[in-house]
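**Student:** A structural model of the following input is requested.
(3 chains)
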Amino acid sequence: MRPEHLARLLVILGVLLPLVGAAIILLPPLGRNGEVIEVHARVAEDGGWLPSELVVPAGTPLTLRLTSDDVVHGFAIGRSETQAVDVLPGQYSELTLTFDRPGRYTYYCTRWCGPGHWRMRGTIEAQGGGATPSSAAEPPYVRLGLDLDAPHPAPVVPERRPSAIGGEALGIDLPAGLRGRAYYETHSPYQAFQSLREQGSFSRLGDERVWDLVALLWRQATTARALEAGRALYAQNCAACHGEGGGADGVMATSLPGSLGGADDAPGPADLASLESMMGARPALLHGKILRGGMGTGMPYFGPIFTDGQLWSLVDYLWTFTMEYEE
Amino acid sequence: MTRFDLLRSPFLARLLRSRWPRLILSVAALAGFVLAIAAGLAGTPVGSRNFGIIAVWIAWWAALILVAVPLAGRGWCSICPLPLPGEWLQRGGILAPAARRRGLGLRWPRRLRNLWIQNAGFALLAISSTVILTRPAVTGALLLGLIGAATVVSLVFERRAFCKYLCPIGGFVGLYSQVAPVELRVRDAALCAAHREKTCYVGGPGGEGCPWQVFPAGLTRNSPCGLCFECLRTCPYDNIAVNLRPFGADLPRPAGRRLDEAFKGFLMLGSALAYSAVLLGPWGEIKLAAFRVGTPEWAAFAGGFLAATFLALPGAFALHVAAGRLLAGPRGNFRETLASYSQALVPLGLAAWVAFSLSFVFSNLSYLWPVLSDPFGAGWDLFGTAVGAWTPYLGAAVPTLQAGILIGGLAWAAGLASRIGHRLLGDDQRTSRRALLQASPVVGFAFVVTVVQLWLLIG
Amino acid sequence: MPFSTSRSPSTPANHAAARPAAWAGFLSLALVVLLVPVPTGAASGERTIRIAASSYAYDPGVVSVNPGDRVTIELVAQDVVHGLYLDGYGIQLRADPGQTARLTFTASRPGTFRFRCSETCGPLHPFMIGRLSVGPNLTLLRWAGLGLLASVFGLWILRR
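**Tutor:** Next comes the predicted model:
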């Protein structure tokens, strides 16, 4: 071959190879390739999940190739037991899911990625025959007719945090009617305090002691496992706004005011360490607030995200900001 | 003059005369260049996982400023891909020039035959650098723009006008090439004077006339020569030498009164300090201002940068030169004295750039391995190195290296200032004292700048 | 006046003879400046430092402790996931917003060290940098002193 032709061949090869690589990347674009879908994660201000709506046939495995275009994100399917997967910038994570039952599933971001983090949600619609999904049961706050947005201060407030250990040390048998989940879920600590106060057998106890008994009732209504699950859920989902100690001093609340998606005069995150507020709150109300979110405030609605078990674990854990459950 | 002519070796002489080494290396560079553009424009927006960012601003930059410029002067220019399409079009061929040549071949306007456009170009890059270095799409667009501009200029003007008068990289590479231990010169100037055809400049059967519009016999320093070795192929008398020589042998030299090169020196020195402060400092506000191109904060940052490098630093330097003239008794034209002493900023500026580059090169070099296997950040793994956590290298050694280089540059600059003083005022014992007095404030300036850079990098 | 008129002319031969001596002098002085031990009398204790990380800076961006201090770093991420990698000590933390990360170490190595973000947090991530000073920055002072020496040496000895 003449040297000039060899030289031209070299140049053509050198220039073509990278362009071929680019072509492979550019087609196909974001979207469907058989049962493998590429999903890009961006902070909510830049678009969130791309795409944010997927449609799959029920019962068919779906492989998702996930990558982030900016910061660390995570991916999980709401109301399911599938493990969350980290979605890292410039790297790919793969996840294969099969939706046996048709219906709408929500996927969401699991690593805080700015004030728009909770808005990073998408939906997967699993279509097809099969059992129609059962309609969700009525949440307790609806059954009880509670107004989630009304303030709920306790008329009587303990002077210090009620202690379940102190209550236990008293060695008193608690009334059967107040023990257990059914009572706990539908009554506020103040109502339990009042019921105990009305019973003659506790009249000789000081108020603080009675509050300790309330804390004991509350702790006995849950398990160590639920509390641990709630602790993890709180740290991952709530602490950024509500603060690591529940005091509404989370990094999102203090450093980025007005950016949580609410109206400018919307209140900040609720103070979960406030005795006055929490002692007057029924667990069902807290459950409903988390489920439905705060209308016009920055409180997200976690209905599509948490299973019922997760919601109750979280609610059970919230009491540890105002009550002492352990040494 | 201690010089060793590499062309004494028949092997090296054949190697340098052959067109293949340059072709292979520059086409490899072109392939990398095209890949960087493609990855920048089509790949992941995450800079640390994109070939366009890592291969260019970590790998190529490190090779350029740490190795190529200090050791080979304009060596990069000889294999740079930017002029290639233009040159091939001009010559109508890659290896063998064709009869049909393209391009208007206009001469570069006389008024623009200086460094001012390159100064402006580099300043423009500098005020946008925070976003260039971190957004792959911006790097991709910039590289595409550069090669496009080089090609268009080649079709209008003769030879490598883009390289000589427009390329922002070439501006400072030329300035710092004076430091290198390699040079291209003629062996016997009298032979050149007697040679009427000057095939080295106009071209001949062996090759093209010098693309850098240099007359080899007139070469007294490295800056204008792009080391393309075309003159090795055209000279009928084998009168070109490629010498190994002591570092910095080009300086000092009679400076004339042109200040464009002095301002290149100020711009580079000021940029090294500014980059160290903005990119490597703990001050987030400045970083964000520099990043948000187009906003008022950025305008304030850009204004500050330009004022510092074009007004404050040159002004301070001029004051120091004036102080020296006051101490020693004024002699000669002020502009000429200023231009002469600004040569002392060459080793100082290069040391500042090397020290600055050491910081981010070694701490981010580990990004190179994944990016080679996955240039577009698309989940590929061509060589099995795609998975790799970030690991900073040489964290403990880098500060000592940086400090050593800065002090070395300072000593060199001080010596150079002293020699410049002696050249300006006379070299005997009688005038030596005045020369030292005149040079002292400039050395003081160099000391202060070095301490500031030391503080920014290791303080 | 450093120059006496009665001094013999500085011929190249004289100057060449002086050079090795000058170099030796400079290098020994340099070694002294760089290596002479300087006592730092500060007592060591327990320190807890809360460092807030947001894109793209740490707050505080400059932290000082005494050599020997038992230091606990609390890394609080304020917007996205951030990390902290400390040069020279090689320790690393990672924090999500809402989950403060804590690490305790002993500041046994004196000097000034950079800490950098180790979790990609946006475009300027590689330039998210802070400084930890363990004791006074002797290194800077030493090298600055050496710079002074180098200036004088360059001016006087390297003039040919």
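**Student:** nearest residue to A:V142 in space, please, no chain neighbours.
**Tutor:** Leaving aside its chain neighbours, A:V142 sits nearest to A:G288 (7.5 Å; criterion: CB to CB, 6 or more residues apart in numbering or on different chains). All C-beta atoms are positioned from the backbone trio N, CA, C, and that covers glycine.
**Student:** name the nearest residue to B:L142, ignoring sequence neighbours.
**Tutor:** B:I132 (6.0 Å).
**Student:** who touches the one you found in this structure?
**Tutor:** Listed by CB atoms under 8 Å, 6 or more residues apart in numbering or on different chains, the contact set of B:I132 reads B:125, B:138-139, B:142.
**Student:** now the residues you listed: which count as buried?
**Tutor:** When the contacts of B:I132 are checked for burial by 16 or more other CB atoms under 10 Å in any protein chain shown, the buried set is B:138-139, B:142.
**Student:** anything in the biggest helix by length in chain A near chain B?
**Tutor:** Criterion DSSP state H: the longest helix present in chain A is helix A:3-26. Yes: counting by CB under 8 Å from any CB of the partner chain, contacts between helix A:3-26 and chain B involve A:3-4, A:7-8, A:10-11, A:14-15, A:17-19, A:21-22, A:25-26.
**Student:** what residues of that helix count as buried?
**Tutor:** For helix A:3-26, by 16+ other CB under 10 Å, it's A:7-8, A:10-11, A:14-15, A:18, A:21-22, A:25.
**Student:** next, format those as CSV and append distance to chain C and pLDDT.
**Tutor:** Formatted as CSV, the buried residues of helix A:3-26 follow (distance: CB to the nearest CB, whole Å; pLDDT from 0 to 100):
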residue, distance to chain C, pLDDT
A:A7, 39, 90
A:R8, 39, 91
A:L10, 35, 90
A:V11, 34, 92
A:G14, 29, 89
A:V15, 29, 92
A:P18, 23, 86
A:G21, 23, 81
A:A22, 21, 82
A:I25, 20, 77
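**Student:** for these, give me a markdown table that also has distance to B:I458.
**Tutor:** Output for the buried residues of helix A:3-26, formatted as a markdown table (distance: CB to CB, whole Å):
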| residue | distance to B:I458 |
| --- | --- |
| A:A7 | 48 |
| A:R8 | 51 |
| A:L10 | 45 |
| A:V11 | 45 |
| A:G14 | 41 |
| A:V15 | 43 |
| A:P18 | 39 |
| A:G21 | 41 |
| A:A22 | 41 |
| A:I25 | 41 |
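**Student:** which two among these are spaced furthest apart?
**Tutor:** A:A7 and A:I25 (28.9 Å; CB to CB).
**Student:** so, low pLDDT: which residues of the chain?
**Tutor:** In the absence of a named chain, this looks at chain A. Across chain A, the ranges flagged by pLDDT under 70 are A:27-34, A:129-135, A:255-266.
**Student:** wait, I meant chain C there
**Tutor:** Within chain C, the stretches with pLDDT under 70 are C:1-18.
**Student:** chain A contacts on that one?
**Tutor:** Selection of chain C residues close to chain A by CB under 8 Å from any CB yields C:52, C:54, C:76-81, C:96-100, C:119-123.
**Student:** list the contacts of the longest helix of chain A.
**Tutor:** Around helix A:3-26, the neighbours that count as contacts under CB under 8 Å, 6+ apart are A:1, B:23-24, B:27-28, B:30-31, B:34-35, B:37-39, B:41-43, B:84, B:88, B:93-96, B:375-376, B:378.
**Student:** tell me the residues of chain A that contact chain B?
**Tutor:** So chain A meets chain B at A:3-4, A:7-8, A:10-11, A:14-15, A:17-19, A:21-22, A:25-26, A:65, A:67-70, A:89-92 (CB under 8 Å from any CB).
**Student:** now with 7 Å, please.
**Tutor:** Residues of chain A found near chain B (CB under 7 Å from any CB of the partner chain) are A:3-4, A:7-8, A:10-11, A:14-15, A:17-19, A:21-22, A:25-26, A:65, A:69, A:89-92.
**Student:** and for chain C?
**Tutor:** Within chain C, the positions adjacent to chain B are C:3, C:9-10, C:56-58, C:61-62, C:85, C:87-88, C:112, C:116, C:118, C:120, C:123-127, C:129-131, C:137, C:139-140, C:143-144, C:146-148, C:150-151, C:153-155, C:158-159 by CB under 7 Å from any CB.
**Student:** please redo it, this time with the cut-off set to 6 Å
**Tutor:** By the rule CB under 6 Å from any CB of the partner chain, the part of chain C lying against chain B is C:3, C:9-10, C:56-57, C:61-62, C:87-88, C:123-124, C:126-127, C:129-131, C:137, C:140, C:143-144, C:146-147, C:150-151, C:153-155, C:158-159.
**Student:** select only the buried ones of these in ChimeraX?
**Tutor:** Here is the ChimeraX selection string for the buried members of the residues of chain C next to chain B, based on 16+ other CB under 10 Å:
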select /C:56,57,61,87,88,123,124,126,127,129,130,131,137,140,143,144,146,147,150,151,153,154,155,158,159
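**Student:** so which of the residues of chain C next to chain B belong to helices?
**Tutor:** Per DSSP H, helices hold the following members of those: C:140, C:143-144, C:146-147, C:150-151, C:153-155.
**Student:** any chance of these in JSON lines, plus distance to B:R14?
**Tutor:** JSON lines is the format used below for these (distance: CB to CB, whole Å):
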{"residue": "C:L140", "distance to B:R14": "51"}
{"residue": "C:W143", "distance to B:R14": "47"}
{"residue": "C:A144", "distance to B:R14": "51"}
{"residue": "C:L146", "distance to B:R14": "47"}
{"residue": "C:G147", "distance to B:R14": "47"}
{"residue": "C:A150", "distance to B:R14": "44"}
{"residue": "C:S151", "distance to B:R14": "47"}
{"residue": "C:F153", "distance to B:R14": "44"}
{"residue": "C:G154", "distance to B:R14": "42"}
{"residue": "C:L155", "distance to B:R14": "46"}
